[in-house]
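Engineer: let me see the structure of the following:
(chains A and B)
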Protein chains: 2
Amino acid sequence: MSKPKGFEKPAGVRDYLPRAVTKLRKIENDVLHCMSRWGYRQMITPTLEYYDTVGVASSTSDQKLYKLLNNRGQALVLRSEMTAPVARVVSSLLKDEPLPLRLSYHANVFRAIEEEAGREAEFFQTGVELVGDDSAEADAEVVALAIASLQAAGVKSFKIAMGHVGFLNGLFQEAVPGLPEAQEELKGHLLGRDYVAFRETLRQLALPEAQKQELDGLLRLRGGKEICGQALELSSHPLARTSIDHLCKVWEVLVSYGVSQHVLIDLTMIGDFSYYTGMTFEGYAEELGFPVCSGGRYDNLLQQFGRAVPSTGFSLKTNRILDGVAGTPESEELPILVQYDALRRGEGLQEASRLRAEGHAVVTRLATGPEELQTVKRLDPETVESAGAQYRKIYTFVSFVSEHS
Amino acid sequence: MSKPKGFEKPAGVRDYLPRAVTKLRKIENDVLHCMSRWGYRQMITPTLEYYDTVGVASSTSDQKLYKLLNNRGQALVLRSEMTAPVARVVSSLLKDEPLPLRLSYHANVFRAIEEEAGREAEFFQTGVELVGDDSAEADAEVVALAIASLQAAGVKSFKIAMGHVGFLNGLFQEAVPGLPEAQEELKGHLLGRDYVAFRETLRQLALPEAQKQELDGLLRLRGGKEICGQALELSSHPLARTSIDHLCKVWEVLVSYGVSQHVLIDLTMIGDFSYYTGMTFEGYAEELGFPVCSGGRYDNLLQQFGRAVPSTGFSLKTNRILDGVAGTPESEELPILVQYDALRRGEGLQEASRLRAEGHAVVTRLATGPEELQTVKRLDPETVESAGAQYRKIYTFVSFVSEHS
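Structural biologist: Model prediction:
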């Protein structure tokens, strides 16, 4: 294999230039600030975790985990998501803290990628975990906070699709009892949103035609609260019915929050982590073709770390949102230039210091002769990434000529 | 080897609980804001880089690099510092940008650790690179910005020790010519601040006693500008003399900045990266026993990535500073609790929303009976990490009882 060239970086990772970073940092700060106003307090966990603990609990498929060995020969992973690391901390450092715990994070996470184009090997997540509360109230809180977070991030138009893993589990256990493989296959197609394959699997099952029709009707169970009623007709399985009852309660609380217009019940929703046990949801922005947030309830994850408590949460895909929201106009970010010669350096640097104290961005520059003096230039903000060559204003402190422009 | 327990994390990495994160984020934001007021614009580069490019250029010793393979079998590293990744971007995405470029970053970096206790395998750096300017003015700018950044971070009392790699190279080339191993050994002892070993190596060299005395005198070359004069007496080597001239100029500019009282010339200073070619510096805080920032000039690094331009920069060891600065008193971070029953939920959630819009941190809670109502509690902030069980104020919206406390 040939060596990479000096300027190359690995597939699936990204450099963020200043204009993008300004936007990304603003989204990150605004969202974390929103979460803190909802009482969520921020944590930072390490990038490296043990494969045998967080790596396994993360429910990221093995070939998608970045693995490495430390100097002791122990298998480590780069974290693939934040829920399992937070669960580890809740079960260790925070094990004596009173519940419920409201925790937030902003972190880069990693997924080893196949050769597919456009897949990200490293990306940013900003999210929360509400630990130690199994109520519909708690599920509604994280959905309402996801909505508030998307708004804080500047996403103008979006929908939250909300479902329940328990409903699907109950429904399939009732419809194809004793056939866990068929159940998993049907769920897999729903996860992949491959409805053609779902119908094909259904067609091949040895079921009465009427029941196939009913299961096929699942695909139409998307809408407002009326969907709950229709779902109850589909299944008499206790797990399915309890799940729908819970979802109805979540909806009611979302109405009290005044945000149900952003929410759609979608009973084909599974959620992308196998540790989800209850309500799951995904957020779709109108401007973007992929989910910008996802979350759900995971009541069995924490017991893997030694503290068996129910939890719910979500994360925003922060860098995906970046492409869908407007940034500050470049011109507002241009710095002031203070230029000076060696004789008037002290004066020039003092003025720069004064302007910085007032909050301005100031670049300073020594000019050794009149030909080195800069003038105000306006370059095309779309083609120039650095503000290094253009200024909002120029202050000049030189003995050979002195002017403000 | 036994498997790690569920709650364990790898050696050398750290969890940051909310109180520490609040401080860390404040330091990070204040420092980045300071850097932006000096015209430095922020970049983000990936955690994973090619071993053959950034890994090698980073001049981190091979056994301290975390290495792994991607799915294509290519050798990757977790970045061990940020200067080489920034150099890669300056030579690729930013290769047509006008110079000088002022870039900043905040990033986690990684060093595989030996068994020594207390070593960090992952830590945070906040820093800048000033690319494309070889002047003393540029070196002084980054030292002055390091001082401004330490002040922005809340470090009260600190000293910057400043030296020059070129002076030491010239001095040793003159003193022990043709003995590169002896030169490297002497420099190695200075880097490790092991002056006993330095004197021992010196003693064993076949040099005239007077010259040994002179070289030993190097260890006393620490102080203000007068040190430059004394250094010129030590060596007539052209590289050593040019280096001292440059350092004198840097000092003069620092006087113009009005910050020379924070700076100490220390000609035993080498800098911890082998890519340094000129001025190097380290910052020491009075409260802390280790350097809190380090930097220097690296004029040959960028040519490894295809763009041969001189550069200078520094980074703050952000998480080390954390332990040395005061945080916000815990009581100011306590949230308001809004509690309600199912009947008055809408009212309660609306009040929570109003308080959040005013900037308050608000936690909400459903109470199903009078026995579930919370009252204001004050727990010891030193023993309780979560604010989940204590509140600054409580608003109650229930039909069975209604009061504000």
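
Engineer: tell me how many other residues surround A:Ala308.
Structural biologist: Close neighbours of A:Ala308, defined as other Cβ atoms under 10 Å in any protein chain shown, add up to 12. No exception for glycine: its C-beta is placed from N, CA and C like everyone else's.

Engineer: run a quick neighbour tally on the nearest residue to it once chain neighbours are set aside.
Structural biologist: Leaving aside its sequence neighbours, A:Ala308 sits nearest to A:Leu302 (Cβ to Cβ, 6 or more residues apart in numbering or on different chains; 6.2 Å). The local packing of A:Leu302 (other Cβ under 10 Å) involves 26 other residues.

Engineer: so who does A:Leu302 touch?
Structural biologist: By Cβ atoms under 8 Å, 6 or more residues apart in numbering or on different chains, the residues touching A:Leu302 are A:Ala87, A:Val90, A:Ser91, A:Val131, A:Ala308, A:Val309, A:Pro310, A:Ser311.

Engineer: now, which of these sits nearest chain B?
Structural biologist: Chain B lies nearest to A:Ser91 out of the contacts of A:Leu302, by Cβ to the nearest Cβ, at 5.3 Å.

Engineer: model confidence for that closest one, exactly?
Structural biologist: You'll see A:Ser91 listed with a pLDDT of 94.

Engineer: against A:Gly296, how distant is it?
Structural biologist: Using Cβ to Cβ, to the nearest Å, A:Ser91 is found at 19 Å from A:Gly296.

Engineer: quick one: which of those two has more around it?
Structural biologist: Taking other Cβ under 10 Å, A:Ser91 and A:Gly296 do not tie; A:Gly296 has more neighbours (29 against 21).

Engineer: part of a strand, is that one?
Structural biologist: Yes: judged by DSSP: H, G, I helix; E, B strand; the rest coil, A:Gly296 forms part of a strand.

Engineer: once you drop chain neighbours, what's closest to it?
Structural biologist: Computed as Cβ to Cβ, 6+ apart, the closest residue to A:Gly296 that is not its neighbour in sequence is A:Thr280, at 3.4 Å.

Engineer: okay if I get the contacts of A:Leu302 as a markdown table plus secondary structure?
Structural biologist: Shown next, in a markdown table, are the contacts of A:Leu302 (three-state DSSP):
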| residue | secondary structure |
| --- | --- |
| A:Ala87 | helix |
| A:Val90 | helix |
| A:Ser91 | coil |
| A:Val131 | strand |
| A:Ala308 | coil |
| A:Val309 | coil |
| A:Pro310 | coil |
| A:Ser311 | strand |
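
Engineer: hmm, which two among these are most spread apart?
Structural biologist: A:Ser91 and A:Pro310 (13.4 Å; Cβ to Cβ).

Engineer: what about the helices in chain A?
Structural biologist: All helices of chain A, identified by DSSP state H, fall at A:18-37, A:56-57, A:83-90, A:136-152, A:165-175, A:180-191, A:195-204, A:209-217, A:226-234, A:238-257, A:318-322, A:345-357.

Engineer: out of the ones you listed, which is the most enclosed?
Structural biologist: helix A:83-90 (a mean of 27; mean count of other Cβ atoms under 10 Å in any protein chain shown).

Engineer: show me what that helix is packed up against.
Structural biologist: Here helix A:83-90 touches strand A:48-50, helix A:56-57, strand A:101-110, strand A:122-131, strand A:311-317, going by 3 or more Cβ pairs under 8 Å, 6 or more residues apart in numbering or on different chains; DSSP states H and E.

Engineer: contacts for it?
Structural biologist: Applying Cβ under 8 Å, 6+ apart, the contact partners of helix A:83-90 are A:43, A:45-46, A:49, A:53-54, A:57-59, A:79, A:97, A:101, A:103, A:105, A:127, A:129, A:131, A:273, A:275, A:298, A:301-302, A:304-305, A:307, A:309, A:311, A:313, A:315, B:6-7, B:9, B:15, B:17.

Engineer: do that again at 6 Å, thanks
Structural biologist: The contact list for helix A:83-90, computed with Cβ atoms under 6 Å, 6 or more residues apart in numbering or on different chains, reads A:45, A:54, A:57-58, A:79, A:103, A:129, A:131, A:301-302, A:305, B:7, B:15.

Engineer: gap between that helix and the chain center?
Structural biologist: Relative to its chain's centre, helix A:83-90 lies at 17 Å (Cα atoms, centre = their mean, to the nearest Å).

Engineer: same check on stretch A:228-239?
Structural biologist: Per Cα atoms, centre = their mean, the displacement of stretch A:228-239 from the mean C-alpha position of its chain is 32 Å.

Engineer: start to end distance for that stretch?
Structural biologist: Start-to-end span of stretch A:228-239 (Cα to Cα, to the nearest Å) is 14 Å.

Engineer: contacts for it?
Structural biologist: Here stretch A:228-239 makes contact (Cβ under 6 Å, 6+ apart) with A:Gly166, A:Gly170, A:Leu171, A:Glu174, A:Glu214, A:Leu221, A:Ile244, A:Cys248, A:Leu267.

Engineer: can you give me the pLDDT of the residue nearest to A:Gly313 when sequence neighbours are not counted?
Structural biologist: In space, and not counting its chain neighbours, A:Gly313 is closest to A:Glu129: 3.9 Å by Cβ to Cβ, 6+ apart. Per-residue confidence (pLDDT) for A:Glu129: 97.

Engineer: which ones are touching A:Glu129?
Structural biologist: A:Val86, A:Leu103, A:Ser311, A:Gly313.

Engineer: closest to chain B among those?
Structural biologist: Chain B has its nearest neighbour among the contacts of A:Glu129 in A:Leu103, at 7.4 Å by Cβ to the nearest Cβ.

Engineer: re earlier: need the max-distance pair from the contacts of stretch A:228-239.
Structural biologist: Greatest spatial distance among the contacts of stretch A:228-239 (Cβ to Cβ): A:Glu214 and A:Cys248, at 20.4 Å.

Engineer: and the spatially closest residue to A:Tyr16 that is not a sequence neighbour, what pLDDT?
Structural biologist: Spatially, and ignoring its direct neighbours in sequence, A:Tyr16 is nearest to B:Ile44 (3.9 Å; Cβ to Cβ, 6+ apart). For B:Ile44, the pLDDT comes out at 97.

Engineer: hang on, B:Ile44 packs against A:Val21?
Structural biologist: Yes: between B:Ile44 and A:Val21 a contact is recorded at 5.4 Å, counting by Cβ atoms under 6 Å.

Engineer: for the nearest residue to A:Ser274 once chain neighbours are set aside, give me the pLDDT.
Structural biologist: Using Cβ to Cβ, 6+ apart and skipping residues adjacent in sequence, the residue nearest A:Ser274 is A:Ser59, 4.4 Å away. With respect to pLDDT, A:Ser59 has a value of 82.

Engineer: contacts only, for A:Ser59.
Structural biologist: Taking Cβ under 6 Å, 6+ apart, we find A:Ser59 in contact with A:Phe273, A:Ser274, A:Tyr275.

Engineer: so what touches stretch A:270-280?
Structural biologist: Identification of contacts with stretch A:270-280 by Cβ under 6 Å, 6+ apart yields A:59, A:139, A:163-166, A:187, A:190-191, A:250, A:269, A:296-301.
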